[in-house]
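>>> Got a predicted structure plus its sequence, pasted below:
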Amino acid sequence: MRGQKLTVSKRTLLSLVLTLALVMGIATPQADAAKKVKLSKKNVTVKVGKTQTIKVKNTKKKAKWTIKKGKKYISLKKKKKTSVVVKGKKQGKAVVVAKVGKKKLSCSVKVVKQKEDTNKDTDKSATPSPNGASASPSSIPAPTLAPPTGSPSTASPSGSPSTVSPSGFPLVSPSGSPQGQEAVKDVEIDLTGLTTTFTAPGKIDFSKQIESRFDLSLFSKMEVVYTTVFEGDDTSDFNNVKIAVAQTTDTLNCYDNGVAFVYAAKTGTDVSDAVSLDGKEGTALGINIQPMNSEYKWPDKLTSITIKSIVFVAKPGVVYPDPSKPLDPTPTPEATYPPEKFVYEGLDTDRVNELKDKKLVAFTFDDGPVGNADTDTSMIIQNALVKHNAHATFFYIGQQINSDAKEAEIKSAKEKGFEIGNHSWSWGSLSSMKADAIKESIGNTNAKLEELTGYSNFMFRAPNLSVSAEMQGYIRAPFANCAVDSKDWNGATTEQIIKNVEAAKDGDIVLMHETQKNTAEAIETLLQYFDDEGFQVVSVSEMFAAKGKDLITGNVYSSINSVSERK
């Protein structure tokens, strides 16, 4: 009997052990599957010559590490089973991919110069506009906007604090008590009941929450917190998200740059960015939101973007104006120079003489630089122009001149005889800015272009083609508008671009963007078409010189026969 009991006990114990092993064998993979395989970092910043380590988390499988984009900017060291060391080679952007089984995980890498701050792994960019601007980070700080000439200063001549802000609004007294008026506080938008999650470019209209006394000049910035969700955590197709403050219904609906904007390259949960309101004034109806890839379309792997909060941050010490005592309007400063004849310093007079009596059309390309790689859209366009003995005018964004490759592109354009132009510091319209802010934007960009070309005077193309009387009075350059718009900035296909541009007549200025893939694809066909039609494709300055027409600073030109004179 005892022997039988012992035998049964052993069998029972064996059965329990086998059952437990089976359960554990099934449960373990399920537990592992519950943990999502991901990278330790989605965005990383590394100094030139320095390193950063990226790891794969929640897996024991071996990762295959590769550089998907930007091999000239980084190298990979110490490739291990679940980690790799990234070393910065030169300033630029790259993407590292870890392949784990069938899953691909991407990490965006920004390489900066030694002097730059790398305390943050995330990256801020100023990148594309509806005009087709490409998005890339800037190592150059945005210009500091000074109070307009003739407006009240923040300090009195004696050095004692003033009672008014640069915008003309009363300040809080040194003791911190409002001088008989209400202090301006931060304004947080109530997002309850508003659509805040988007799967396509969208808008948030909060106009019903804005008080009549609200004015952007009372606030230093608009802070926005948002969350992005990507399919499989794949952010490789994500370039930027543009967030813009709109003052009109049309601006709110068409996703343009509005009165103030930011291009952010951040991804993740509850990330924040700020839209600077320096130099801005007037009301705000809402914001528009436009995530985009390198072709300015919705990123393929972006599932959604959710706006979590919107806050207008009050300037320190500013109070609301006393409604019983209207402020005297700030006088508009007089223009700083008289209209004068403009001659581009790089103009080839021998070439101009050869162009006389020919049918001419001026090609212009906005929003560069892009870079000097043979595969870059900018260089595809440049090389096609050279092949057809054609010239063009390239209008460059100052903030975009932020890498060796982009500087090399501009130098290449100059060497090929193309005209270099100024497209302002960023993509924001200057028409809503005050005089000093306008001059700051143009002056900073001119300084960058002069450093690279040796020239000191440049033709100007207004962002969004938006021109004000103040701009015409303060920008010492002729303004290039257009008679023919390729519509490449508005998603036109290669075929549509070709059709639009082929409508150009003798003496017309044509608007295109060097950042657009479809434009680069269309350029060869367009140049051949105008060759066949007996036209010569030229720069703006070449066309006016060959036609015997002067370019006058402050005037706006769409063609040889279409000019809007300075007011």
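Thanks, I have the structure now.
>>> Now do the strands in the stretch 151-300 of the chain.
187-188, 197-198, 202-205, 219-230, 240-246, 260-264, 271-276, 286-292 (DSSP state E, counting those that start in this stretch).
>>> so what's T267 closest to, chain neighbours aside?
T228 (4.7 Å; CB to CB, 6 or more residues apart in numbering). In this view, the C-beta of every residue, glycine as well, is placed from N, C-alpha and C.
>>> any idea how far the one you found is from I442?
According to CB to CB, to the nearest Å, T228 and I442 sit 35 Å apart.
>>> residue contacts, the residue nearest to T267?
Going by CB atoms under 8 Å, 6 or more residues apart in numbering, T228 touches 235, 238, 241, 267-268, 271, 291, 302, 304-305.
>>> Using CSV, lay out those residues together with distance to K387 and pLDDT.
What follows is the contacts of T228, written out as CSV (distance: CB to CB, whole Å; pLDDT from 0 to 100):
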residue, distance to K387, pLDDT
T235, 37, 89
F238, 35, 90
V241, 37, 90
T267, 40, 91
G268, 45, 92
V271, 45, 92
P291, 36, 92
L302, 38, 95
S304, 44, 95
I305, 42, 96
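>>> where are the low-confidence patches of the stretch 251-400 of the chain?
Along the stretch 251-400 of the chain, segments meeting pLDDT under 70 span 323-335.
>>> now could you export just the CA positions of stretch 98-118 as CSV?
Listed in CSV are the C-alpha atoms of stretch 98-118, where the atom choice follows Å, rounded to 0.1, in the frame of the first residue of the first chain:
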residue,chain,number,x,y,z
ALA,A,98,17.4,49.2,-37.2
LYS,A,99,15.9,46.1,-38.8
VAL,A,100,14.6,43.6,-36.2
GLY,A,101,13.1,40.6,-38.0
LYS,A,102,10.6,42.2,-40.5
LYS,A,103,10.3,45.4,-38.4
LYS,A,104,12.1,48.6,-39.3
LEU,A,105,12.7,51.2,-36.7
SER,A,106,14.0,54.7,-37.6
CYS,A,107,15.9,57.4,-35.7
SER,A,108,16.4,60.9,-37.0
VAL,A,109,19.9,62.2,-36.4
LYS,A,110,21.0,65.9,-36.5
VAL,A,111,24.7,66.6,-36.6
VAL,A,112,25.7,70.1,-35.3
LYS,A,113,28.9,72.0,-35.0
GLN,A,114,30.8,71.9,-31.7
LYS,A,115,29.5,75.3,-30.6
GLU,A,116,25.9,74.3,-30.9
ASP,A,117,23.8,73.3,-27.9
THR,A,118,23.0,69.6,-27.9
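>>> Quick check: which ranges of this protein have low pLDDT?
Of all residues in the chain, those with pLDDT under 70 make up the ranges 1-35, 115-180, 323-335.
>>> Among the contacts of T228, which one has the most neighbours?
With neighbours defined as other CB atoms under 10 Å, the most crowded of the contacts of T228 is V241; it has 28 neighbours.
>>> Show me what that one is bridged to.
On DSSP bridges, the residues paired with V241 through beta bridges are A264, P291.
>>> which residues of the stretch 351-500 of the chain fall in strands?
Using DSSP E, counting those that start in this stretch, the strands found in the stretch 351-500 of the chain span residues 359-368, 393-396, 419-422, 459-460, 479-480, 484-485.
>>> now for the second one, which elements pack on it?
Right, strand 393-396. In terms of contacts (3 or more CB pairs under 8 Å, 6 or more residues apart in numbering; DSSP states H and E), strand 393-396 is packed against strand 359-368, helix 404-415, strand 419-422, strand 459-460.
>>> Please repeat the previous calculation with a cut-off of 6 Å.
Secondary-structure packing of strand 393-396 (3 or more CB pairs under 6 Å, 6 or more residues apart in numbering; DSSP states H and E): strand 359-368, strand 419-422.
>>> Reformat the ones you listed as CSV; add distance to D190 and mean neighbour count.
Shown next, in CSV, are the helices and strands packed on strand 393-396 (distance: least, CB to CB, whole Å; neighbours: other CB atoms under 10 Å):
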stretch, distance to D190, mean neighbour count
strand 359-368, 36, 26
strand 419-422, 42, 25
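>>> For those strands, give me CSV that also has distance to I497.
Listed next are the helices and strands packed on strand 393-396 as CSV, based on distance: least, CB to CB, whole Å:
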stretch, distance to I497
strand 359-368, 12
strand 419-422, 21
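>>> closest one to K72 among the ones you listed?
Taking CB to CB as the measure, the helices and strands packed on strand 393-396 were each checked against K72, and strand 359-368 came out nearest at 19.0 Å.
>>> For I305, give me its contacts.
Contacts for I305 were tallied using CB atoms under 6 Å, 6 or more residues apart in numbering; they are 198, 226, 228, 291.
>>> so how far is F230 from it?
Distance, I305 to F230, using CB to CB: 10 Å.
>>> Could you do K78 as well?
Distance, K78 to F230, using CB to CB: 28 Å.
>>> now swap in T336 and tell me
For T336, the distance to F230 under the criterion CB to CB works out to 49 Å.
>>> and if you look at I67?
Here the criterion is CB to CB. By it, I67 lies 20 Å from F230.
>>> what does E354 give?
In this view, E354 and F230 are 54 Å apart by CB to CB.
>>> So what touches the helix or strand where I509 lies?
When secondary structure is defined using DSSP states H and E, the element that contains I509 is strand 509-513. Under the contact criterion CB under 6 Å, 6+ apart, strand 509-513 has outside partners 132, 362-367, 480, 482-486, 488-489, 501, 504, 519, 558-559.
>>> Next: stretch 74-92.
Residues external to stretch 74-92 that are found in contact with it (CB under 6 Å, 6+ apart): 46-48, 50-56, 62-63, 65, 70, 73, 94, 109, 111, 113, 403.
>>> buried sites along that stretch?
74, 82-89, 91-92 (16 or more other CB atoms under 10 Å).
>>> What's the end-to-end length of it?
9 Å (CA to CA, to the nearest Å).
>>> What segments of the stretch 101-250 of the chain are helices?
Applying DSSP state H, counting those that start in this stretch to the stretch 101-250 of the chain gives helices spanning 249-254.
>>> what sits against D300?
Going by CB under 6 Å, 6+ apart, D300 touches D237.
>>> okay, now G49: neighbour count?
Residue crowding around G49 was assessed by other CB under 10 Å; the count is 12.
>>> got it, and A94?
Other residues near A94 number 23, with proximity taken as other CB under 10 Å.
>>> Same question for S40.
13.
>>> Assess the claim that it and V56 are in contact.
No: taking contact to mean CB atoms under 6 Å, the distance of 7.6 Å between S40 and V56 leaves them out of contact.
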